[in-house]
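Enquirer: structure here, sequence nowhere to be found:
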């Protein structure tokens with residue numbers, strides 16, 4: 001879970017005064033109230049093997065979009081990767097919040113298999129392309145994007161959301177996506193107002209609203225050359241992890 005908007009330091013007051021309020025989703029205590037197992041319990045341990053079984057590339061690459069402090073990144077890697085395959089699978093996690101990335105780097109128990117970098121994907125995708133080139137791949141085999149879309153949407157508008165989806169689809173063979181429902185948008189806006197902060201700039205003018213999940217699915221399938229292949233149940237927060245694949 002995390003954040004994809006520029007200048008995380010602009011929200012430091014939110015983080016210091018109320019760790020449950022963060023304009024960009026960069027909660028300092030996120031995994032204390034939404035631990036990794038809430039999602040991983042829905043995802044088959046064989047998922048990566050099933051997706052990459054016929055892939056001829058030398059290395060399997062996973063991308064974690066908005067990785068926060070890295071707890072879910074590490075748990076996802078351990079959940080999906082067999083011990084004997086660790087030398088062939090690498091995960092890259094990124095978040096725009098440099099402090100969270102520093103925490104992820106310092107606590108990383110698998111530095112040979114997992115890397116963390118600060119990155120704002122709404123501003124820079126070259127780092128991801130460079131990473132793929134260095135690894136001799138044209139794409140990530142699996143891109144995980146959990147509870148990120150709403151924060152990009154609220155801070156960058158409809159165009160920002162669609163651009164994020166298009167960028168992820170362009171570099172991913174499979175996209176594991178968890179979209180926040182509209183009620184989460186209202187709750188996030190209410191928390192900001194309650195904390196005395198200014199409202200999200202785009203909240204009241206979004207044309208993509210209501211059933212956000214359907215809008216996301218339609219964009220990926222109609223404009224990004226992807227198709228929905230599976231929904232992994234529903235999390236305790238009533239969110240549906242959706243798996244898309246490149247056609």
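Expert: Yep, that arrived. This structure is a prediction, so every number in the text was calculated from the model and none was measured.
Enquirer: average pLDDT for the top helix by length along the chain?
Expert: Once the chain is assigned using DSSP state H, the helix that runs over the most residues is helix 149-170. The pLDDT scores in helix 149-170 average 97.
Enquirer: same thing with stretch 50-70?
Expert: 85.
Enquirer: can you give me the helices in this structure?
Expert: 12-17, 30-33, 37-40, 47-52, 71-80, 98-107, 126-134, 149-170, 182-194, 212-223.
Enquirer: quick one: which of those is nearest residue 65?
Expert: Checking the helices of the chain against residue 65 by CB to CB gives helix 149-170 as the closest, at 6.7 Å. (Each C-beta comes from the backbone N, C-alpha and C, glycine too.)
Enquirer: list the helices and strands the closest one packs on?
Expert: With contacts defined as 3 or more CB pairs under 8 Å, 6 or more residues apart in numbering; DSSP states H and E, helix 149-170 has these neighbours: strand 174-178, helix 182-194, helix 212-223.
Enquirer: pLDDT score for residue 15?
Expert: Among the per-residue scores, residue 15 holds a pLDDT of 38.
Enquirer: ok, now which ones touch the residue most central in space within the chain?
Expert: Central residue of the chain (CA atoms, centre = their mean): residue 145, 2.6 Å from the mean position. Residue 145 makes contact with 65, 66, 168, 175, 176, 177, 178, according to CB atoms under 8 Å, 6 or more residues apart in numbering.
Enquirer: so in terms of bridging, what pairs with residue 116?
Expert: When assigned by DSSP bridges, residue 116 has beta-bridge partners residue 93.
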